[in-house]
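S.K.: the sequence isn't on hand, but the structure is:
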C-alpha cells in the first residue's frame, strides 16, 4: 500500500510541475489573468496534496487500511478539485461548457477536508504516537 500511495504522490507531484509550467508559460496568451490565477490555484492544491500523499506513505504508525482510506479521499479530492479548476480555467478554449461541472470543485475541497480530518483522527487515536 505504501508504494501505491507514494507512487500516487509522485505522479500528482510530477503532473503538478508540468501543469504549473503550462500555466506559467503557455496559458497566459490563451486565457485571461483570472483564469490563469484559478489554474495556478489548482496546481498549488495538487502539489500540496502530492506532498500529503508522500508523507502519508511514509508514516509507519498508521495501519494500511487507514492509509488506504485517507489516500482515496485525497486522490479523489485532487481529481475533483484541481482537475475541475483546470477545465473551468480553460473553458473558453474548448467546445464544451465546463461550467456545468462547477459543483465538482467544492466537492473536491470537501474530500480534502475529510482526508485531513481522517488523518488527524487516526493520529490522535494511535497509541504509538503518544
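M.R.: On my side now, so go ahead. Model, not experiment: these values are computed from the prediction.
S.K.: for the residue nearest the centre of the chain, give me its contacts.
M.R.: Note on the chain: the residue nearest the mean C-alpha position is residue 78, at 2.6 Å, using C-alpha atoms, centre = their mean. Residue 78 sits next to 12, 45, 46, 49, 50, 108 when contact means C-beta atoms under 8 Å, 6 or more residues apart in numbering. C-beta coordinates here come from the backbone N, C-alpha and C atoms, glycine included.
S.K.: let me see the mean pLDDT of the top helix by length along the chain.
M.R.: In the chain, with assignment by DSSP state H, the single longest helix is helix 33-58. Across helix 33-58, pLDDT averages out at 93.
S.K.: quick check: next helix or strand after it?
M.R.: Per DSSP states H and E, the first helix or strand lying C-terminal to helix 33-58 is helix 64-77.
S.K.: just the residues contacting stretch 93-104, thanks.
M.R.: So stretch 93-104 is in contact with 30, 31, 80, 81, 84, 87, 88, 90, 91, going by C-beta under 8 Å, 6+ apart.
S.K.: what subset of these is buried?
M.R.: Burial by neighbour count, judged by 16 or more other C-beta atoms under 10 Å, picks out 31, 80, 81, 84, 87, 88, 90, 91 from the contacts of stretch 93-104.
S.K.: for the residue nearest to the centre of the chain, give me the pLDDT.
M.R.: If you check residue 78, the pLDDT there is 97.
S.K.: need the max-distance pair from the contacts of stretch 93-104.
M.R.: Greatest spatial distance among these (C-beta to C-beta): 30 and 80, at 23.8 Å.
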